[in-house]
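Enquirer: Here is the input, now give the coordinates:
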Amino acid sequence: MLLRSHGRWAFNATVEIRGHMRGCFSSGLITESSAKRLKTTMATENPNPFRHEFEKYCEHLNQLNEKRERLVKASRDVTQNSKKVIFQVHRIGNDDKETVLKQAEKDLNGVRKQHLSRVANELQGNVNDAWKLRRAFSPGIQEYVEAATVLEFCKSGKLLTVADLNNEISKLGDSSTSQFKINILDYLLGIGDLTGELMRLAISQVAAGEVETAKRICNFVRDLYKELSLVAPIMDDNNDMNKKMEIMLQSLVKIENDGHGCLNQVIHQLYNVFLQLAMLFVLEVQRTYLKLRVNSIHTK
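Expert: Residues are numbered from 1 along each chain as shown. Now for the predicted structure:
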């Protein structure tokens, strides 16, 4: 009760002092500069114990926001240059395959050293920030995974694993601190985008007459969709993955339809060739028969 009464007295005294100061300020007894000096003096005499802590929180949030902006810019550069690598890979049908793949690999190394290294340096040594700011750099990581995996498929026909990708990224940072790694969520989302590029590659191969290559791509995408169908339902934050699974199924259907259409076209062409050969054979038989008839008439 005593403490409560003292607290009420202090509060009432503070209210009275402030009211008195307002009256003095309105009457002109205290100038504005004097009021500011008095306020500063009271603040220094009675410092707020929470002010210093909130200033540290404010500084931390400002630094976090600046880091987010730098990650967004770096992720945008990774996305743009990774797309250039994918466009380079799609030139396989027009130019020499070895030359195209070597240039694409060179461009991918440039993306890793010039742009992806900026993301790695920002997040190196702080695992918590990598998850806090994941949305800031996730689009660029997904595009990089897509470019690296489509290049590896064109080279070896195999799927590049997340361990292989992180092994290359580990060469960018300082080994004495905890290094940035591509997390499994961004890797799977990038693999979801991979099937769209493989669908375009398969269609271009069909148009070039490489039916076996298109068939191999179709089998690869089918197996990939079958395996990811087991993983997607149990993923954390799987809304994005569910959308990519729908697009993956559409890509698979397009590859199959285009492959079957090409096969039907080949069969139709073979059928036409067979009919022409059959007609030529019939005409040759008729011509031979007529010659024999004419020769038999002349001999009689």
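Enquirer: Any idea how many residues pack against the residue nearest to Ser75 when sequence neighbours are not counted?
Expert: Take Ser75 and drop its neighbours on the chain: the residue closest to it by C-beta to C-beta, 6 or more residues apart in numbering is Gly140, 3.2 Å away. Where C-beta positions appear, they are placed from N, C-alpha and C, glycine not excepted. Residue neighbour count, defined by other C-beta atoms under 10 Å, stands at 27 for Gly140.
Enquirer: And for Ile86?
Expert: The tally of other residues near Ile86 (other C-beta under 10 Å) stands at 22.
Enquirer: repeat for Leu228
Expert: For Leu228, the neighbour count with other C-beta under 10 Å is 18.
Enquirer: And the pLDDT at it?
Expert: Leu228 is assigned 88 on the pLDDT scale.
Enquirer: and it, what helix or strand is that in?
Expert: Using DSSP states H and E, Leu228 maps to helix 211-231.
Enquirer: how far away is the spatially closest residue to Val111 that is not a sequence neighbour from Met241?
Expert: With C-beta to C-beta, 6+ apart as the criterion, Val111 has its nearest non-adjacent residue at 4.5 Å, and that residue is Asn81. According to C-beta to C-beta, to the nearest Å, Asn81 stands 25 Å off from Met241.
Enquirer: what do you get for Val78?
Expert: From Val78 to Met241 the distance is 21 Å (C-beta to C-beta).
Enquirer: Compare these two (neighbour count), which wins?
Expert: More crowded of Val78 and Met241, by other C-beta under 10 Å: Val78, with 26 against 20.
Enquirer: what about Gln204, how many neighbours?
Expert: If you look again at residue 204, you'll see it is Ser, not Gln. 17.
Enquirer: Report the contact partners of the residue lying closest to it once chain neighbours are set aside.
Expert: Leaving out its chain neighbours, the residue that sits closest to Ser204 by C-beta to C-beta, 6+ apart is Gly93, at 4.9 Å. Shown in contact with Gly93 (C-beta atoms under 8 Å, 6 or more residues apart in numbering): Ser204, Gln205, Ala207, Ala208.
Enquirer: Let's see if you can find the most crowded of those.
Expert: In these, the most neighbours by other C-beta under 10 Å go to Gln205, 22 neighbours.
Enquirer: Verify the contact between that residue and Ala214 for me.
Expert: Yes. With contacts defined as C-beta atoms under 8 Å, Gln205 counts as touching Ala214 at a distance of 4.5 Å.
Enquirer: Where does the prediction get shaky in the chain?
Expert: The model of the chain has pLDDT under 70 over residues 1-47, 94-95, 173-178, 237, 259-275, 294, 298-300.
Enquirer: mind listing the helices for it?
Expert: Assigned by DSSP state H, the chain shows helices spanning 2-27, 32-45, 51-89, 97-111, 117-123, 127-132, 134-156, 162-169, 184-207, 211-231, 239-299.
Enquirer: just to revisit the earlier point, pretty sure the residue nearest to Ser75 contacts Asp77?
Expert: Yes. When contacts are counted by C-beta under 8 Å, Gly140 is listed as touching Asp77 (7.5 Å).
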